[in-house]
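Undergrad: just a sequence and a predicted model for now, questions to come.
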Amino acid sequence: MKSYREELWFETTTRRAYMNITAQVDAVVRKSGVREGMVLVNAMHITASVYINDDEAGLLHDYDSFLERLAPRDAAYRHNDTGEDNGDAHIKRQVMGREVVVAITEGKLDFGPWEQIFYGEFDGRRRKRVLVKVIGE
Amino acid sequence: MKSYREELWFETTTRRAYMNITAQVDAVVRKSGVREGMVLVNAMHITASVYINDDEAGLLHDYDSFLERLAPRDAAYRHNDTGEDNGDAHIKRQVMGREVVVAITEGKLDFGPWEQIFYGEFDGRRRKRVLVKVIGE
Amino acid sequence: MKSYREELWFETTTRRAYMNITAQVDAVVRKSGVREGMVLVNAMHITASVYINDDEAGLLHDYDSFLERLAPRDAAYRHNDTGEDNGDAHIKRQVMGREVVVAITEGKLDFGPWEQIFYGEFDGRRRKRVLVKVIGE
């Protein structure tokens, strides 16, 4: 069994952001040399998500509105009593998920026609990481 | 390490539907010959989910009501400005999740007493796919 | 390829509870002898979650309030017509997720600085299980 690991670093210019990272993950899979296996892609921070959906600007706006409605930035959070101001971001990340696992078949991400991997940032403007771990052979 | 891949195809007669696909996944695991490993089961489309929960009609109704309350079909979505009418479906899928990973132990799905794998369709009435990828040995 | 499996048992004293189980999962990974691979940690029951986030009391309170607002215990659920009283718990678990997959690198959970694995219980006061399955080499 082969395994390979790489970190992707991001620093968004806005507090919340949705970035298509499919090309970066694909590059890691190719570097790994794995032809059949799985790749785990997860946020290493707890106020960010990795998820799979469409790369369409209207949809990204809809996700953002939906999440802000579910967990508004300016609502009261006990977590913010610690001096943090990101209680909303911990909830938004939980709704969108921490990680995706994608099949690797014949050396490539085994995707349907519209699947794209996104990094969802809910408390940005600082350097944060995504882990890409490949196993297989 | 062994690996095996199969696609399951579905075409629901209603826009939204919840189908128990445990038997189909189990059949793929048996065909794979893997005795110890993991199976990834994921929607290959971005308006559908694969999730694990109980096969009970009342619960399926509760999930559907909950999702329709969170992201009503007839609300305004920017995504629908593209000519699509499935903005709600992209959000519903995100809440229910894209994928499950299930352990394989002694050649079988390593499940608790009530775990069943479901395909959740939020924009159906056309042919769509689920990927089953098995790795292990 | 190596594989290893262990069950963790919990019985909470309250209906809902959030328990940090990172140390138990870490112990299973060490016992497995796997240096490079992945570990799947999933609730084996359908009214409980395994998720990754911060171990901070205020945040756990925020999650609980958020989930109770989304799916109140005392709302009407068709599932409860079966004689159950845990319709809310099936929804809460779905929002928080069933499972996490964590990379194993150099024999350890490959985590960012604040990642902790939690067992989220939404219908407790009875013995329930979490599955830890390790694969790799």
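TA: Okay, I see it. Residues are numbered from 1 along each chain as shown, chains lettered A, B, ... in the order given.
Undergrad: check what pLDDT A:G107 gets.
TA: At A:G107 the predicted local confidence, pLDDT, stands at 98.
Undergrad: so who does the closest residue to chain C within chain A touch?
TA: Here the residue of chain A nearest chain C is A:M44; by C-beta to the nearest C-beta that distance is 3.0 Å. In short, each C-beta sits where N, CA and C put it, glycine included. When contacts are counted by C-beta atoms under 8 Å, 6 or more residues apart in numbering or on different chains, A:M44 touches A:7, A:128-131, C:111-113, C:115.
Undergrad: redo that, cut-off 7 Å
TA: The contact partners of A:M44, by C-beta atoms under 7 Å, 6 or more residues apart in numbering or on different chains, come to A:129-131, C:112, C:115.
Undergrad: where does A:D26 land on pLDDT?
TA: Turning to A:D26, the model gives it a pLDDT of 98.
Undergrad: residue nearest the centroid of chain A?
TA: For chain A, the residue sitting closest to the mean C-alpha position, by C-alpha atoms, centre = their mean, is A:V50 at 1.8 Å.
Undergrad: which parts of chain A sit against chain C?
TA: For chain A, the residues found near chain C under the criterion C-beta under 7 Å from any C-beta of the partner chain are A:1, A:3, A:5, A:40, A:44-46, A:71, A:77-79, A:81-82, A:87, A:90-91, A:94-95, A:97-99, A:101, A:129, A:131, A:133, A:135.
Undergrad: inside strands: which ones of these?
TA: Among the residues of chain A next to chain C, the members found in strands (DSSP state E) are A:3, A:5, A:40, A:99, A:101, A:129, A:131, A:133, A:135.
Undergrad: is it possible to mark the buried ones in the residues of chain A next to chain C?
TA: Buried members of the residues of chain A next to chain C, scored by 16 or more other C-beta atoms under 10 Å in any protein chain shown, are A:1, A:3, A:5, A:40, A:44-46, A:71, A:77-79, A:87, A:90-91, A:94-95, A:97-99, A:101, A:131, A:133, A:135.
Undergrad: all helices of chain A, in order?
TA: Residue ranges of the helices in chain A, as given by DSSP state H, are A:22-32, A:57-70, A:87-96.
Undergrad: still on that earlier bit, also near chain B: which of the ones in strands among the residues of chain A next to chain C, exactly?
TA: When C-beta under 7 Å from any C-beta is applied, the members of those adjacent to chain B are A:V101.
Undergrad: would you reformat the ones in strands among the residues of chain A next to chain C as a markdown table and include distance to B:G107 and pLDDT?
TA: A markdown table is the format used below for those (distance: C-beta to C-beta, whole Å; pLDDT from 0 to 100):
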| residue | distance to B:G107 | pLDDT |
| --- | --- | --- |
| A:S3 | 24 | 98 |
| A:R5 | 30 | 98 |
| A:L40 | 24 | 98 |
| A:E99 | 27 | 98 |
| A:V101 | 21 | 99 |
| A:R129 | 37 | 98 |
| A:L131 | 31 | 98 |
| A:K133 | 26 | 98 |
| A:I135 | 20 | 98 |
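Undergrad: now, which of the ones in strands among the residues of chain A next to chain C sits nearest B:T22?
TA: Distances from B:T22 to these, taken as C-beta to C-beta, are shortest for A:V101 (19.0 Å).
Undergrad: circling back to that earlier point, for the residue nearest to the centre of chain A, which residues count as its bridge partners?
TA: With DSSP bridges as the criterion, the beta-bridge partners of A:V50 are A:Y119.
Undergrad: from what I can see it touches A:V39, true?
TA: No. Using C-beta atoms under 7 Å, A:V50 is not in contact with A:V39, being 11.1 Å away.
Undergrad: enumerate the residues of chain A near chain B.
TA: So far as C-beta under 7 Å from any C-beta goes, chain A lies against chain B at A:1, A:36-38, A:51-54, A:56, A:58-59, A:61-62, A:66, A:95-97, A:100-101, A:103, A:105, A:110, A:112, A:114-115, A:136-137.
Undergrad: one more time with 8 Å
TA: Within chain A, the positions near chain B by C-beta under 8 Å from any C-beta of the partner chain are A:1, A:36-38, A:51-54, A:56-59, A:61-63, A:66, A:70, A:95-97, A:100-103, A:105, A:110-115, A:135-137.
Undergrad: just to revisit the earlier point, doesn't A:V100 make contact with the residue nearest to the centre of chain A?
TA: Yes. Because the distance of 5.5 Å satisfies C-beta atoms under 8 Å, A:V50 is recorded as touching A:V100.
Undergrad: quickly list what's touching both of these two.
TA: With contacts taken as C-beta under 8 Å, 6+ apart, the residues that reach both A:V50 and A:V100 are A:41-42, A:117.
Undergrad: now these in TSV, with neighbour count, pLDDT and distance to B:D123?
TA: Converted to TSV, the shared contacts of A:V50 and A:V100 look like this (neighbours: other C-beta atoms under 10 Å in any protein chain shown; pLDDT from 0 to 100; distance: C-beta to C-beta, whole Å):
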residue	neighbour count	pLDDT	distance to B:D123
A:V41	29	98	25
A:N42	27	99	27
A:I117	25	98	21
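Undergrad: any idea which of the helices of chain A is most buried?
TA: When these are scored by mean count of other C-beta atoms under 10 Å in any protein chain shown, the highest mean neighbour count falls to helix A:87-96 (a mean of 26).
Undergrad: just give me how far that one sits from the chain centre.
TA: Here the centre of mass of C-alpha atoms in helix A:87-96, compared against the chain's by C-alpha atoms, centre = their mean, to the nearest Å, lies 12 Å away.
Undergrad: again with stretch A:94-113
TA: 11 Å.
Undergrad: quick one on the thing from earlier: quick one: residues contacting the closest residue to the residue of chain A closest to chain C other than its chain neighbours.
TA: Using C-beta to C-beta, 6 or more residues apart in numbering or on different chains and skipping the chain neighbours, the partner closest in space to A:M44 is C:G112 (3.0 Å). In this structure, C:G112 makes contact with A:43-46, A:129, A:131, judged by C-beta under 8 Å, 6+ apart.
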